[in-house]
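> I'd like to go over a predicted model; first the sequence, then the structure.
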Amino acid sequence: QVQLVESGGGEVQAGGSLRLSCAAAGRTFSNVAMGWFRQAPGKEREFVAAIAWILGTRDYADSVRGRFTISRDNAKNTVYLQMNSLKPEDTAVYYCAATERRITIRSFGIPRSYEYWGQGTQVTVSS
């Protein structure tokens, strides 16, 4: 069983920064890609960013491109999301996801591409 444990959420004022972390624990698994999604109240879960584990290929949602940066530490099986210039509309529960499936970058933004999910961490941006 693979568990994803997120940390780093919290409350910040608009314009501020937060860094989320997601560590994969449990059995050894062939990590192919990890991503971040978010869900605001009353809205569907949406793609934020993803990274291919070996090549490091990244993809971002247009709404966060240039403000958020996804990175990974292969040795620690951990993915990070550095969030800068935060806006109130970034407020949501942020979920980490991982997959062992051989997906392409075109599938990074599709939730069903991932079979492992974290419990979520709340990010609140006040104006």
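Sure, I can see it.

> burial of Glu44, as a residue count?
The burial count assigned to Glu44 is 8, neighbours taken as other C-beta atoms under 10 Å. Yep, even glycine has a C-beta here, placed from its N, CA and C like the rest.

> quick one: pLDDT of it?
If you check Glu44, the pLDDT there is 96.

> over to the one 4 residues further on?
At Val48 the predicted local distance difference test score is 98.

> from Asn74, how far off is it?
21 Å (C-beta to C-beta, to the nearest Å).

> for the closest residue to Asn31 other than its chain neighbours, list the residues it contacts.
Using C-beta to C-beta, 6 or more residues apart in numbering and skipping the chain neighbours, the partner closest in space to Asn31 is Trp53 (4.4 Å). Residues counted as contacts of Trp53 (C-beta atoms under 8 Å, 6 or more residues apart in numbering) are Asn31, Val32, Ala33, Met34, Arg72, Asn74.

> what does Glu11 give?
Per C-beta under 8 Å, 6+ apart, neighbours of Glu11: Thr124, Val125, Ser126.
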